[in-house]
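>>> Need a 3D model of the following:
(one chain, ligands or ions: 1)
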Amino acid sequence: MRLFIAIQLNEAMRQLATAVQVTFRQFGVRGNYTPTENLHLTLAFIGEYSGPDEVLDALENISFAPFTITMDKVGSFDELWWTGFEENEELEALVRKLRRALADAGIPFDRKKFKPHVTILRKPDYTKGRISHMSIEPAGMVVERISLMQSTRGKNGMIYTELGSVSAQ
Ligand code: 2AM
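Have a look, this model is predicted:
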């Protein structure tokens with residue numbers, strides 16, 4: 001099974017990311033838009049792994065206090081557009097703790113540098129220039145839990161299912 005660990009966005013933040021998608025569409029940008037229910041912030045990508053219970057056990061070893069993340073920008077990596085966040089030391093610290101817990105438990109994960117983002121659009125059929133300077137009205141949410149997610153390929157795109165979560169204390 002294909003697994004990753006993510007922060008599920010609250011309604012206000014989903015709406016903000018969706019509003020950016022609406023603006024892109026109004027600019028005539030076509031592509032593979034992330035459905036609203038799939039919008040998330042990945043903290044660690046595990047990939048193919050058959051031990052979700054081991055991952056949940058590793059997550060139980062992490063403790064963190066609730067903290068606020070603020071979505072404040074739009075950007076891209078090549079053919080992937082995202083909404084991003086204000087710099088956030090608590091988020092960085094949580095990801096360090098999470099990755100250490102996974103490593104200690106022998107669970108594999110993608111070790112590339114954490115770049116917090118919510119993918120809103122893949123493979124746009126439009127040149128970057130027209131949409132590179134979009135700004136957004138920042139919105140925050142309190143992170144109270146992190147979730148183990150399973151990704152499966154459905155008939156109409158990816159389906160993300162929460163297998164379990166751990167809460168802030
Ligand atoms: P992305 O949106 O930037 O592609 C499920 O695939 C989630 O895991 C997505 O949020 C995806 O980020 C993220 N992810 C991180 N590293 C990945 C990798 N090496 N392969 C696939 N998805 C990855």
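>>> Once you drop chain neighbours, what's closest to the residue nearest the centre of the chain?
For the chain, the residue nearest the mean C-alpha position is L41 (1.6 Å; C-alpha atoms, centre = their mean). Of all residues not flanking L41 in the chain, I7 sits nearest, at 4.3 Å (C-beta to C-beta, 6 or more residues apart in numbering). Quick note: C-beta positions are derived from backbone N, CA and C, even for glycine.
>>> Can you tell me the strand partners of the helix or strand harbouring the one you found and which way each runs?
In this structure, I7 sits in strand 2-8 according to DSSP states H and E. Counting by DSSP bridges, the strands paired with strand 2-8 are strand 40-48 (antiparallel), strand 145-154 (antiparallel).
>>> Next secondary structure element downstream of the first one?
Once strand 40-48 ends, the next helix or strand along the chain (criterion: DSSP H and E) is helix 52-60.
>>> check whether the next helix-or-strand element following that next one contacts the ligand.
Once the chain leaves helix 52-60, the next helix or strand it forms, by DSSP H and E, is strand 67-77. No: Strand 67-77 is not in contact with the ligand by C-beta under 6 Å from any ligand atom; minimum separation 7.3 Å.
>>> Can you tell me the strand partners of strand 67-77 and which way each runs?
Strand 67-77 has these strand partners (DSSP bridges): strand 80-85 (antiparallel), strand 139-143 (antiparallel).
>>> Now it: buried residues?
Residues I69, M71, D72, K73, V74 are the ones in strand 67-77 that count as buried (16 or more other C-beta atoms under 10 Å).
>>> and those as a markdown table, adding pLDDT?
Putting these into a markdown table (pLDDT from 0 to 100) gives the following:
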| residue | pLDDT |
| --- | --- |
| I69 | 98 |
| M71 | 97 |
| D72 | 95 |
| K73 | 94 |
| V74 | 94 |
